[in-house]
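Asks: When you get a sec, could you give me coordinates for this:
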Amino acid sequence: MTTHPVKVVMNDAFCTLDDFLESLQEGESGGSSRSDGDTKNILKQHFDCIILSPGPGQPSHPSDMGIVLDTIRYSPEIPILGVCLGHQALGLEQDFKVVRYHSLVVDFSDDDDYDSEIEAIAWCKGLLGKKEFEDDPTDEVRICMALRHKEYPHYGVQFHPESIGTGEAGYQLIWNFCDFAHQYKMNGQIDSNQGFTEKSTTDAESSLLSESLVKAKDTNTLTPSRHRVFIHKLEQSSLSSQSTPEEIFEQLFSSRENSFWLDSSTGQARVDAGENHQGCPIMSNSRFSIMGSDDGPLSQKIEYFGTEHSPEKQGLRVIDNDRTTTIGTDILSYLRQTLMEDGGFSDVVHMVSFSKSEDATEAGQTIHAASANELPFDYRGGYVGFLGYELRHITQCSIFEQEGGDGCPLIDASSEKTTNPNVPTAAFFFADRSLIFDHHTGDWYIVGVANNDKEVIDDTLRWMRSMQSKIEAGAEKSSTKSTIVRNTRSQKIDGIEFVPNRSKEQYQMDIARSHEEIRNGESYELCVTNQLEAEITLPKRSDKKTHESPFDLYKILRTNNPAPFSAFMNFHTKDAALTEASASLSICCSSPERFLSVKQDQRHQNFVVESKPIKGTIARHIGANGEDNSSEIKAINDQIIQKLKESTKDQAENLMIVDLLRNDLGRVCDIGSVHVPYLMNIESFATVHQMVSTVRGTLDGKTSNAIDVIEACFPGGSMTGAPKQRTMEILNEIEEGVSRGPYSGSLGYISLNGCMDMNIIIRSAILTPIPTAENSTESWKASIGCGGAITALSNSNDEYDEMLLKSRIVRHSISQWAQEYSSRSNNTT
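Replies: You can find the predicted model right below:
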């Protein structure tokens, strides 16, 4: 089959037509004196066809259309394909399945005398207007799905050919249009009534060529890394008994003001669960736990306070051995710069084996370079921390400018009056000392990062040896220690009153507002959230400092709601007195959702990017005594799972976010590499069943890296809705400018070898200390973020109940935490 390149311009509405033409002419004169004929010739010279991409808004609003209308006006002889909004601006064959997001439609007059330059060529049956928001399948009408201009080679489709749900028909349509554009260019014109040509989807995908205007950043031309990574493996067989990650963290790190635990609390010592197994397959989701603190010679704490904070607090601060340096940049720019300064991403690892000698000098250990398959994990030390939702201002401005925008006005800034001053926009540790636990094998790994200074290297090796001794001692200690097993999933634990930021009545009004925005074509799906807050007063314990108390909550939460992307993080000042410039918070997270991972593909020397968006949640049935393994309980849960699988509303929510993520990853991944290996699978967790999809793509590691992936995709589409930018602007109004904080953001690690694993921060409690004059008590502000996706099919009562369902296990865990502290205090008086 003959293939040919086609020059396609994908329109976006961020710049003016003059600016766009100037970029094509590379600064040639013409600007304001350019004639209409010049404009037409420039477009014809550079492009074979134009695609008017989908987007929010209405054709009657100039701010929504950008250069779209001018592009149509000056391109009568260039083939144009309008998708959704592009189709509406312009004014296939029948009987194949497509995906149509809820939006405005083109309405043709029933008047026989009405003469239009546009004619419809494809239809579907459906509901229009308010009927689409009602549970009433009657009164279906014909809706235009495709149209064409009677004279010009301009076409439009109401549905989304690029959607994963449209499938091969979408590829075929794009192929046909590009083939049509080529024939039109060769022949000057073409019969617009010609039918579809028969070409396979595989051929269409392999032959379509595109031109990219992205400026490549070659990160492989940098100097050798200035960091050296040392790893010691402590095999389970060498331990007299097994200590759990919880026990090791509590013994070694829980008393530290600054510490982290990326906790795969669903990790099990078996790997016989497949992708469709109820529960979390250990190999893909939750095999490794990582923990550490900020006590190494190279460790740093980085705090970034963004635009939602007061002007005097804004900025990025690096805390290094109690010395604070303020840097005039944002957190992503800082991470990119420092990782590149480190010589780029490097995966050179030194494996360390210790002799029985107590000496930790070179005579006491052997070191060899790690082989490619010697380590089963991707973490090599690096940055561990979180990105709060309000970092969206940075990432969306970057995308705006990349796609042709001039400047990025902050039009929806969160209010500093509703922002907790103790909670930064983002915070990270540079983790030069970490422990890793393999839930599959029971092995421990000790990770030390040093520079090329011999004293630092020797100190790192001494620390690694001391950690080996402490883990061995911890294993001995845990073998004689009884374990208290908590499970409150079936218990009614109350006592703490959580106050929603917006009442039930207001939340239902917010859903009505969301429906209005969907009807107006401004959004397809909005993830409306709320904050539940409470003040917790606990009796002060004589054996613990205040910053240690949140870990007791986390232990309860991880028992009640084990999840593959759980985490505990402490960010506190070492000085007991709170300071205006420093962060002071604890994150107790039991998230089931992976936002982004970047892993090395050893076979191709590339990186594989993965995201696992969750949309679609239903309560899991649990027996009266907390049991969930009986045949009767399993049968009930099978019915519940089937109900979720068949839910049209949940399928729509999940599909739109999958399409959004495919678009986000397409900005940075290799062309043609983004795919969906698993669409709308059901995964089961302690209290809920959820609909989960998997989206993957590849990076070449030269033109893009992990930071670029974050910049392209943050915040996660499952926490915004679609289309992302316009929807976030609407959400900021609905949520009254209240900062979401870490909730809806992401936490995890960005490794020195370019790998990354970040979750979505949900099912979490954010704790900040409240100063008190009482010496016998301590007070905490607890905030739980929760919400749900609103589509045309959402019901206000159901959505409010879903919001409460998602927060229930966290609320109950906090109540149990307060009760246990009170009970312990009463027993000691």
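
Asks: With only the CA atoms kept, save stretch 227-234 in CSV.
Replies: The C-alpha coordinates for stretch 227-234 follow below in CSV (Å, rounded to 0.1, in the frame of the first residue of the first chain):
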residue,chain,number,x,y,z
HIS,A,227,26.3,11.1,43.4
ARG,A,228,27.2,7.5,44.2
VAL,A,229,24.5,5.0,45.2
PHE,A,230,25.4,2.2,47.6
ILE,A,231,23.0,-0.6,48.3
HIS,A,232,23.3,-3.5,50.8
LYS,A,233,20.9,-6.4,50.6
LEU,A,234,19.9,-8.0,53.9
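
Asks: what does it contact?
Replies: Residues outside stretch 227-234 that contact it (C-beta atoms under 8 Å, 6 or more residues apart in numbering): 342-343, 346, 348-354, 367, 370, 375, 380-381, 443-452, 457, 460-461, 464-465, 468, 471-472, 752. Heads up, the C-betas are built off the backbone N, CA and C, glycines and all.

Asks: Could you tell me which of those residues are located in strands?
Replies: Taking DSSP state E as the definition of strands, the contacts of stretch 227-234 contribute 349-354, 367, 444-450.

Asks: Save the residues you listed as a markdown table, and put in neighbour count too.
Replies: Below are the ones in strands among the contacts of stretch 227-234 laid out as a markdown table (neighbours: other C-beta atoms under 10 Å):
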| residue | neighbour count |
| --- | --- |
| Val349 | 21 |
| His350 | 17 |
| Met351 | 18 |
| Val352 | 20 |
| Ser353 | 10 |
| Phe354 | 19 |
| Ile367 | 13 |
| Trp444 | 26 |
| Tyr445 | 21 |
| Ile446 | 24 |
| Val447 | 27 |
| Gly448 | 26 |
| Val449 | 24 |
| Ala450 | 26 |
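
Asks: Which two of the residues you listed have the greatest separation?
Replies: Using C-beta to C-beta, those reach their maximum pairwise distance at Trp444 and Ala450, which is 19.7 Å.

Asks: Now the lengthiest helix in the chain: buried residues?
Replies: Identified as the longest helix of the chain according to DSSP state H is helix 796-828. By neighbour count on 16 or more other C-beta atoms under 10 Å, the buried set for helix 796-828 is 796, 799-800, 802-803, 805-821.

Asks: pLDDT value on Lys356, please?
Replies: For Lys356, the pLDDT comes out at 68.

Asks: go on, Met10?
Replies: Reported pLDDT for Met10: 60.

Asks: A helix includes Thr727, no?
Replies: Yes: counting by DSSP: H, G, I helix; E, B strand; the rest coil, Thr727 falls inside a helix.

Asks: okay, now Phe47: neighbour count?
Replies: Phe47 has 20 neighbours, counted by other C-beta atoms under 10 Å.

Asks: His149 versus that one, what's the distance?
Replies: Phe47 sits 18 Å away from His149, taking C-beta to C-beta, to the nearest Å as the criterion.

Asks: repeat for Lys185
Replies: 18 Å.

Asks: ditto for Arg462
Replies: For Arg462 relative to His149 (C-beta to C-beta), the value is 76 Å.

Asks: now Arg667
Replies: 31 Å.

Asks: can you check Tyr743 too?
Replies: Taking C-beta to C-beta, one finds Tyr743 at 48 Å from His149.

Asks: So between those two, which is more surrounded?
Replies: Between Tyr743 and His149, counted using other C-beta under 10 Å, Tyr743 has the larger neighbour count: 25 against 19.

Asks: Find the nearest non-adjacent residue to the more buried one, please.
Replies: Nearest non-adjacent residue to Tyr743, counting by C-beta to C-beta, 6 or more residues apart in numbering: Gly785, 2.9 Å away.

Asks: now do Ile302
Replies: Phe428 (4.7 Å).

Asks: Could you check the angle the one helix or strand the one you found maps to makes with strand 444-450?
Replies: Secondary structure assignment for Phe428, by DSSP states H and E: strand 426-431. With axes from the mean of the first three to the mean of the last three C-alpha atoms, to 10 degrees applied, the angle from strand 426-431 to strand 444-450 works out at 90 degrees.
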